[in-house]
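>>> Predicted structure and sequence below. I'll ask about it afterward.
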Amino acid sequence: MRKEFVMRGQTAKGVTETLNFGGYKSGYGYRLVELKLASSTTVGGLDAHMTAVITAGKTPLDPQNPNFNDQGLIASAHMKNDANDAYPISSYSVINDTYIITQNLLLTVFNNESHPINWQCRFESVKMTGPEEASVNYKQYSISDE
């Protein structure tokens, strides 16, 4: 089993992507350790404010208004690229890296510009015992069933 793997893509504003964990292997879960955003057009030539959220819930969340009280929210990221050279590119993400993933996730993005957003997620595999796996599966199922 690979210890670490990457999912990446390019998503249009307002579109929700499914991060597919259909190849789930019994006894293993996955932990999100990184979410990064990047512009898909001329860097430095535009004012871009990009946001993204990842949820374990069955309903996509609004990336412009992340609610950290939502148990399904696993990650939120923001990237700002100001055309004015006086302001450097800034980026940050907040990740619940204690959440063990065993089912599909939803990634939703927003951009103040019309171009799509490049994103990259890094996951690491986590070995679980039978009782841990049952608990993790139940937790994710109960969140996705709300």
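Nice, thanks for sending it over.

>>> Please enumerate the helices of this structure.
130-144 (DSSP state H).

>>> So the residue most central in space within it versus S39, what's the distance?
What sits nearest the mean C-alpha location of the chain, by C-alpha atoms, centre = their mean, is I54, with 3.6 Å. Going from I54 to S39 by C-beta to C-beta, to the nearest Å gives 19 Å. For the C-beta atoms, the positions are set from N, CA and C on the backbone; glycine is no exception.

>>> Kindly report the same for N111.
9 Å.

>>> These two: which is more packed in?
Taking other C-beta atoms under 10 Å, N111 and S39 do not tie; N111 has more neighbours (23 against 20).

>>> Who is the residue nearest to the centre of the chain paired with across the strands?
Beta-bridge partners for I54, by DSSP bridges, are A75, L107.

>>> Hmm, G72 and it touching each other?
No: I54 is not in contact with G72 according to C-beta atoms under 8 Å; the separation is 9.2 Å.

>>> overlap in contacts of the two?
Taking C-beta atoms under 8 Å, 6 or more residues apart in numbering as the contact rule, I54 and G72 touch no residue in common.

>>> Low-confidence stretches in this protein?
1-2, 23-24, 42-46, 83-88, 144-146 (pLDDT under 70).
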